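Colleague: 3D model of this:
(chains A and B)
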Amino acid sequence: MLKICSAVLDAVIEQARQDHPIETCGVVAADAGSPIANRLIPMRNQAASETFFCFDPRQQYKVWCELEECDQECRVIYHSHTASIAWPSREDIEHAHYPDAHYLIVSTWEQADCPVRSFRIANGAVLEEQVVRI
Amino acid sequence: MSIKVMIPSVLRPFTNGAKEVSAEGKTIMEVIASLEMNYNGISTRLLSGNRLHRYINIFLNDEDIRFAQGLDTPVTGGDRLTVLPAVAGGAFVPSAMMHVSGWTQCWIR
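Modeller: Numbering: from 1, shown residues only, chains lettered A, B, ... in the order given. As a prediction, this is how the structure comes out:
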């Protein structure tokens, strides 16, 4: 189960809408030990693509260092699908290198039945989980 | 001279859960060889052939080694290496939906 601050989840969805049709991406951090993801950190999609996203490695490094200094952790890795459903793609699964993170996907595709979903992804396995707004 | 290497969680099964390990070497490639000596198999996750894996980033202190000399970048005692897997992904391919069970569930409240 992902517990996420409601205003932060709304901001993620709004970011995805603003960036559409380019895939958006970012991180939601949490204080170490806290059950609630509450700090939004939008990231630059280095690929600037409608079908792919990639964090800028140097921006990612700075954010990861800053989180460690603040005793926070990357709780959620989010990105958008702009012409498909909110479900992990083969590439999403291949590149899911953070088994401790929740993978949140926002679909801005008008035919998507559910615009936001969250998953745990590890060793190629995908498990959908409940998203709880706090 | 000892180099400090920060290990991401996805690779900690190779280091018995250790977040930080020490290694030896004069270049990044030698450090990776040193890691492999102590943590069998870890180099296969860092390298693709004799090149850095496309989705692995390594920072020497605060610098991305791809903007230095790559795996030939020299290191000295006291340096800190951070292994940082990339965060990336792509769009969903509709035909793959046939292989997914339960995809119509929607769990938001």
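
Colleague: Just the pLDDT for the most centrally placed residue in chain A.
Modeller: Computing the C-alpha centroid of chain A and ranking residues by C-alpha atoms, centre = their mean puts A:Tyr78 first, at 0.9 Å. Note on A:Tyr78: pLDDT of 98.

Colleague: That one against A:Ile105, yeah?
Modeller: Yes. If you go by C-beta atoms under 8 Å, A:Tyr78 and A:Ile105 touch, sitting 7.1 Å apart. Where C-beta positions appear, they are placed from N, C-alpha and C, glycine not excepted.

Colleague: Quick one: neighbours of the residue lying closest to the residue nearest to the centre of chain A once chain neighbours are set aside, just the number.
Modeller: Computed as C-beta to C-beta, 6 or more residues apart in numbering or on different chains, the closest residue to A:Tyr78 that is not its neighbour in sequence is A:Leu104, at 4.0 Å. Residue neighbour count, defined by other C-beta atoms under 10 Å in any protein chain shown, stands at 26 for A:Leu104.

Colleague: Name the SS class of A:Leu104, please.
Modeller: Three-state call for A:Leu104 (DSSP: H, G, I helix; E, B strand; the rest coil): strand.

Colleague: Quick one: list the elements packing against the helix or strand bottoming out on mean pLDDT in chain B.
Modeller: Ranking every helix and strand in chain B by mean pLDDT, DSSP states H and E puts strand B:88-90 at the bottom, with a mean of 92. Judged by 3 or more C-beta pairs under 8 Å, 6 or more residues apart in numbering or on different chains; DSSP states H and E, strand B:88-90 is in contact with strand A:52-54, helix A:90-94.

Colleague: looking at the ones you listed, which is buried most?
Modeller: Ranked by mean neighbour count, the helices and strands packed on strand B:88-90 are led by strand A:52-54 with a mean of 24 (mean count of other C-beta atoms under 10 Å in any protein chain shown).
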